[in-house]
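Asker: Mind looking at a prediction? Sequence and model below.
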Amino acid sequence: MKLNLRFLYLLPLLAVLFTNPAFNAFFFGKADEAGLGLRYEYALTALSLAAAVRYYGYFQPVVQVWLAVLLVSMAGLALESYALWHSWAKYPHVFSKLTALLPLFGMYAVYRRFPPPSYRQLAGLMLATLLLSLIVVYPEALTLGSFLETERGFSVTSAYLLLPVLLLCLNFYISSNNLVYGLAGLLCLALIVFLQHRTVWVCTALALVLNLGLLALRVPAARAWGTRLAVLGALGVGLALASGLAVVLDNPDVVQKLAKSISDIQHPTTQGTGTFRMQQYEAYLPLVRERPLAGWRLQGFEVPVQFYSDDSGKQVWPDFTGHHFHSFYLDRLFYFGWLGMLLVLGVPAVQLGRCLLSLAPLQEGPAALLAFVATFPVFGLSYDWPNYAYGFIGLLLAIISRPAPPEAARPAPRRARPTANASARLEPAVLQSTDLLAAHPPRVGATP
């Protein structure tokens, strides 16, 4: 009996997902008072750097240069720290803005060297973990009172993880016509709506549009996407009516809450938490303009908090605790300027943008992850990127850099009668070598 060990390829990505409270609260607790989560992130960063060094030869040239620039930037920041404070890492919080990129290179290294994980296993494991976390650790997030009072409990970065599961399940349903995946996707969509993180709502709408476009144009197995999507939509409406959703929607408080959330999305700068973010932008943009190229770096941690409460007139957060930016862009521009922004976004924007605009065939799994990662710029308007975002970018960069599998790159060959021709007998070997190349790309510069 053969033992399928492909699930082992999931472990590196799961290690990155474990930085999220939805995954680690079972072990570290909801508050993580012992600080185990931070120590785990340090260990993950070290392992990621070790993997990047070990498999550096498998990197594409552009990624090799990107990693070199990152390491030089970290060394320069350490030298600046020593020159100003006689400490090689005066403020680890600022260094973490750069070290957060290392898991990206770790994931890229592993999945350039080894085959990608099973996307079905990934979706199943993520869905099971998120449901278990909601039921066991965050049961208050599933109550109607929590919905009405906006006491979410389940953090936005945890709820955001429901989106890749939704996209993967939707693609598996459309490509295989397996209703189990369709029902799992509907469950994820219902949870995203119920947890009412408005940023996740916007990202979900964008991801679904992009994902359907990729299915229609680039996924060969999704030719019947329109019919199957209509069936799933009708099934969703039927289940909603049968489950008593119509009764819940008769509650005026529920309708009013949904209407308010939609109104907040339509007026992002004047309503809801959008007002808070706009005020934070207005408070810090003068400092960003003062040092636009390379930012404030370590000295930025010593800058007094610029954000004050309208009610009390006092600082919202104490000094020397970080500035608690609620925007990926404002965070990077303040600490590292436009050069820091380019360091993070330059290579992924070009590589993934080129893949998104291409018409080359895609499998359903990478298509779902591409649609998910494409929402990161939108998510960054409201929040800093979670640690697992870099892991997904590294995985996707490795996937799109591989040769396309034969079944996705060309239509299936017609059945032919066997012949005595020697070249025909060698054809299976040629296909096998192509599969091997897709699973294990050669080192950069190696002779094929």
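Answerer: Received, thanks. Numbers count the residues shown, from 1 in each chain.
Asker: what comes into contact with stretch 279-289?
Answerer: Residues outside stretch 279-289 that contact it (Cβ atoms under 8 Å, 6 or more residues apart in numbering): 295-296, 300, 303, 306-308, 323, 325-327, 330, 333-334, 337. Yep, even glycine has a C-beta here, placed from its N, CA and C like the rest.
Asker: Which among the residues you listed count as buried?
Answerer: Neighbour counting by 16 or more other Cβ atoms under 10 Å classes 295-296, 300, 306-307, 323, 325-327, 330, 333-334, 337 among the contacts of stretch 279-289 as buried.
Asker: Throw these into a markdown table and include distance to G153 and pLDDT, thanks.
Answerer: Listed next are the buried ones among the contacts of stretch 279-289 as a markdown table, based on distance: Cβ to Cβ, whole Å; pLDDT from 0 to 100:
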| residue | distance to G153 | pLDDT |
| --- | --- | --- |
| G295 | 34 | 90 |
| W296 | 35 | 91 |
| G300 | 32 | 87 |
| Q306 | 30 | 71 |
| F307 | 25 | 69 |
| H323 | 25 | 74 |
| F325 | 23 | 84 |
| H326 | 19 | 86 |
| S327 | 23 | 89 |
| L330 | 26 | 92 |
| L333 | 31 | 94 |
| F334 | 30 | 93 |
| G337 | 36 | 94 |
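Asker: outside of stretch 321-338, which residues touch it?
Answerer: The contact list for stretch 321-338, computed with Cβ under 8 Å, 6+ apart, reads 93-94, 97-98, 273, 276-277, 280-281, 284, 287-288, 291-297, 300-301, 303, 305-307, 316-317, 340-341, 343-344, 379-385.
Asker: now stretch 295-307
Answerer: For stretch 295-307, the external contacting residues (Cβ under 8 Å, 6+ apart) are 77, 80-81, 84-85, 90-91, 93-94, 279-280, 283-284, 287-288, 315-324, 332-337, 339-340.
Asker: Give the ChimeraX command for selecting the buried subset of the residues you listed.
Answerer: Restricted to buried positions by 16+ other Cβ under 10 Å, the ChimeraX selection for the contacts of stretch 295-307 reads:
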select :77,81,90,91,94,280,283,284,287,288,316,322,323,332,333,334,335,336,337,340
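Asker: Restricted to helices, list the contacts of stretch 295-307.
Answerer: The members of the contacts of stretch 295-307 that map onto helices under DSSP state H are 77, 80-81, 84-85, 93-94, 279-280, 283-284, 287-288, 332-337, 339-340.
Asker: Pull out the buried positions in the helix or strand hosting L352.
Answerer: Following DSSP states H and E, one finds L352 within helix 328-357. Under the neighbour-count criterion of 16+ other Cβ under 10 Å, helix 328-357 has 328-337, 340-341, 343-345, 347-348, 351-352, 355-356 buried.
Asker: Check stretch 379-392 too.
Answerer: Neighbour-count burial for stretch 379-392 flags 379-392 (criterion: 16+ other Cβ under 10 Å).
Asker: Now T143: phi and psi?
Answerer: The phi/psi pair for T143 (degrees, to the nearest 10) reads phi -90, psi 150.
Asker: what about it, how many neighbours?
Answerer: By other Cβ atoms under 10 Å, the residues close to T143 number 12.
Asker: Ok, the one 3 residues further on next?
Answerer: Neighbourhood size, S146 [other Cβ under 10 Å]: 19.
Asker: same thing with A100?
Answerer: Other residues close to A100 by other Cβ under 10 Å number 18.
Asker: does it really touch N387, like I thought?
Answerer: Yes - using Cβ atoms under 8 Å, A100 is in contact with N387, at 6.4 Å.
Asker: The helix or strand containing L232: which residues count as buried?
Answerer: In the assignment (DSSP H and E), L232 maps to helix 225-242. Within helix 225-242, the residues that count as buried by 16+ other Cβ under 10 Å are 225, 228-229, 232, 236.
Asker: picking up where we left off before, just the ones in helices from the buried residues of stretch 379-392, please.
Answerer: Per DSSP H, the buried residues of stretch 379-392 map to helices at 379, 387-392.
Asker: and of the buried residues of stretch 379-392, the nearest to F172?
Answerer: F392 (17.9 Å; Cβ to Cβ).
Asker: Could I get the contacting residues of the residue nearest to T129 when sequence neighbours are not counted?
Answerer: Once flanking residues are discounted, T129 sits nearest to F23: 5.8 Å by Cβ to Cβ, 6 or more residues apart in numbering. For F23, the contact set (Cβ under 8 Å, 6+ apart) comprises 14, 17, 129, 133.
Asker: Tell me if I am right that F23 is in a helix.
Answerer: Yes - using DSSP: H, G, I helix; E, B strand; the rest coil, the secondary structure at F23 is a helix.
Asker: Next one: it, what pLDDT does it get?
Answerer: What the model reports as pLDDT for F23 is 92.
Asker: do the same with L359
Answerer: Looking at L359, the pLDDT reads 87.
Asker: ok so it is a strand residue?
Answerer: No - applying three-state DSSP, one finds L359 to be coil, outside a strand.
Asker: Pretty sure it sits against L217.
Answerer: Yes - between L359 and L217 there is a contact at 6.5 Å, judged by Cβ under 8 Å.
Asker: related to what we said a few turns ago, closest to V63 among the ones in helices among the buried residues of stretch 379-392?
Answerer: Using Cβ to Cβ, these come closest to V63 at Y390, 13.3 Å.
Asker: So which residue is dead centre in this structure?
Answerer: A389 (3.6 Å; Cα atoms, centre = their mean).
Asker: need the contact list for that residue.
Answerer: With Cβ under 8 Å, 6+ apart, A389 has these contacts: 373, 376, 379.
Asker: what sits against the closest residue to the last one other than its chain neighbours?
Answerer: In this structure, F379 finds its nearest non-sequential neighbour in C203, 5.5 Å apart by Cβ to Cβ, 6+ apart. Applying Cβ under 8 Å, 6+ apart, we find C203 in contact with 160, 163, 375, 378-379.
Asker: got it, and M107?
Answerer: M107 makes contact with 12-13, 16, 48, 390-395, 398, according to Cβ under 8 Å, 6+ apart.
Asker: let's see it at 10 Å
Answerer: Counting by Cβ atoms under 10 Å, 6 or more residues apart in numbering, M107 makes contact with 12-13, 15-16, 48, 51-52, 388, 390-398.
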